[in-house]
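Novice: Next come a sequence and a model predicted from it.
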Amino acid sequence: MSILEIIQFPHPLLKTKTLPVEGVNAAVERLVRDMIETMYHAPGSGLAANQVGVGKQIMVADVSKAEEEPNTIVIVNPQIVSVSEETIIANEGCLSVPDFNAELSRPAQVTVVGKNLAGEEVEIEADGWLARVIQHEIDHLNGILYIDRLGRLKRQGYIRKRKKALASGEKK
């Protein structure tokens, strides 16, 4: 297993819609293992394949607490099939959007379908933090960053700050 480089805004792959996975094979399984290791190392609650430079519809997530056993979720070709009308506003951040967090409203509950690593259909009903993480990662797979869901002033403020940091030679 390997820790992969997490690409960061404004990398163009983050704004590109990913392609479906045609079949789970050894390369997909290896990518998923590496994504999981990368997510835990970062540390993060979720990771989409395009965040590590792969334009495929694969996401991993784990919202278990530090004192709990890991509970990793892998979804290949995930699609949201329903969301609740109820929304929750919470602080959100992203491994690909460094040094920035913002309050964001998202549906409180979500139902997602996709496949697991065995190629079997899965349906996940999630609420709370897991629902938020799944929505965030599926946004990534659709070329949407959470900053795209913010108001124009907050988004542009971050973009200006990020461009200035990059121009001054910061790697982050």
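Specialist: Perfect, thanks for sending it. Note that the structure is predicted; figures quoted are calculated from it, not measured. Residues are numbered from 1 along each chain as shown.
Novice: And the pLDDT for Ile159?
Specialist: pLDDT recorded at Ile159 is 94.
Novice: Only the buried residues of stretch 65-84, if you could.
Specialist: Of the residues in stretch 65-84, those with enough neighbours to count as buried (16 or more other Cβ atoms under 10 Å) are Ile73, Val74, Ile75, Val76, Asn77, Pro78, Ile80, Val83. C-beta here means a position set from N, CA and C on the backbone, and glycine is covered the same way.
Novice: In TSV: those, plus secondary structure, distance to Val52 and pLDDT.
Specialist: Listed next are those as TSV, based on DSSP: H, G, I helix; E, B strand; the rest coil; distance: Cβ to Cβ, whole Å; pLDDT from 0 to 100:
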residue	secondary structure	distance to Val52	pLDDT
Ile73	strand	17	96
Val74	strand	14	97
Ile75	strand	16	98
Val76	strand	15	98
Asn77	strand	17	98
Pro78	strand	16	98
Ile80	strand	22	98
Val83	strand	27	97
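Novice: can you list those residues in CSV and add distance to Asn142?
Specialist: Shown next, in CSV, are the buried residues of stretch 65-84 (distance: Cβ to Cβ, whole Å):
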residue, distance to Asn142
Ile73, 18
Val74, 18
Ile75, 14
Val76, 15
Asn77, 12
Pro78, 10
Ile80, 10
Val83, 14
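Novice: for those residues, which one is nearest Thr18?
Specialist: Asn77 (9.5 Å; Cβ to Cβ).
Novice: What distance do you get for the residue nearest to the spatial centre of the chain to Arg152?
Specialist: The central residue of the chain, meaning the one whose C-alpha is nearest the mean C-alpha position (Cα atoms, centre = their mean), is Glu137 at 2.7 Å. Separation of Glu137 from Arg152 (Cβ to Cβ, to the nearest Å): 24 Å.
Novice: Next: Pro107.
Specialist: Relative to Arg152, Pro107 is positioned 22 Å away (criterion: Cβ to Cβ).
Novice: The spatially closest residue to Pro107 that is not a sequence neighbour bridge partners, please.
Specialist: Sequence neighbours aside, Val83 is the residue nearest to Pro107 in space, at 3.7 Å (criterion: Cβ to Cβ, 6 or more residues apart in numbering). According to DSSP bridges, Val110 are recorded as the beta-bridge partners of Val83.
Novice: Many thanks, we can stop here.
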